[in-house]
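S.K.: Whatever this is, show me its structure:
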Amino acid sequence: MNARVTEQRLRMLMRIGAEEVPAASGHTLEIVNPATGIVTAEVARGGPEDVDRAVRAAKTAFEAGTWSGMSATDRGRVLLRLAGRIRDHAEDLTVLEVRHSGKTITDARGEVEGVRAQDHPRRRGSDVRERVAEGTAER
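M.R.: Numbering: from 1, shown residues only. Presented below is the predicted three-dimensional model:
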């Protein structure tokens, strides 16, 4: 287990476009574990200006075609890599959920496992994973 996840108060920025940025206003929000009353994180508190920046960045990215112009097969590969990263960090994600929500480890692990299960083809009711691997997914 990552000591940074379990022992430190996290400071988190927003991701807008390809950058991690603070809120334009500089405001933050403390995340408090309701079971302990301990502040576990401080996160950027976005406002209207941040929403506008995010919408502009999303529009720019869409028009650039990096994702929108990618084939379904390639998008599927990206999403499968993301699912792999969730699997690889499942225990850290579970600990974060416990710290930030006050849930029991069993409940938090169930939520993380639920996200991980979305990677399973039978869960999705299709053969998308196989089609992505074969490069035959449709756009």
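
S.K.: Contacts for the helix or strand where Gly114 lies, please.
M.R.: Using DSSP states H and E, Gly114 falls within helix 105-117. Helix 105-117 is contacted from outside by Ala83, Ile86, Arg87, Ala90, Leu93, Thr94, Val95, Glu97, Val98, Ser101, Lys103, Arg123, using C-beta atoms under 8 Å, 6 or more residues apart in numbering. The way it works is simple: take the backbone N, C-alpha and C, and place the C-beta from them, glycine included.

S.K.: ok, now with 10 Å
M.R.: If you take C-beta atoms under 10 Å, 6 or more residues apart in numbering as the criterion, helix 105-117 is touched by 83-84, 86-87, 89-104, 123-124.

S.K.: Determine how far it lies from the middle of the whole chain.
M.R.: 14 Å (C-alpha atoms, centre = their mean, to the nearest Å).

S.K.: Give the buried residues for stretch 31-38.
M.R.: By neighbour count on 16 or more other C-beta atoms under 10 Å, the buried set for stretch 31-38 is Ile31, Asn33.

S.K.: if you average pLDDT over that stretch, what comes out?
M.R.: Stretch 31-38 shows a mean pLDDT of 89.

S.K.: coming back round to it: just the buried ones out of the contacts of helix 105-117, please.
M.R.: Ala83, Leu93, Thr94, Val95, Leu96, Glu97, Val98, Arg99, His100, Ser101, Gly102, Lys103.
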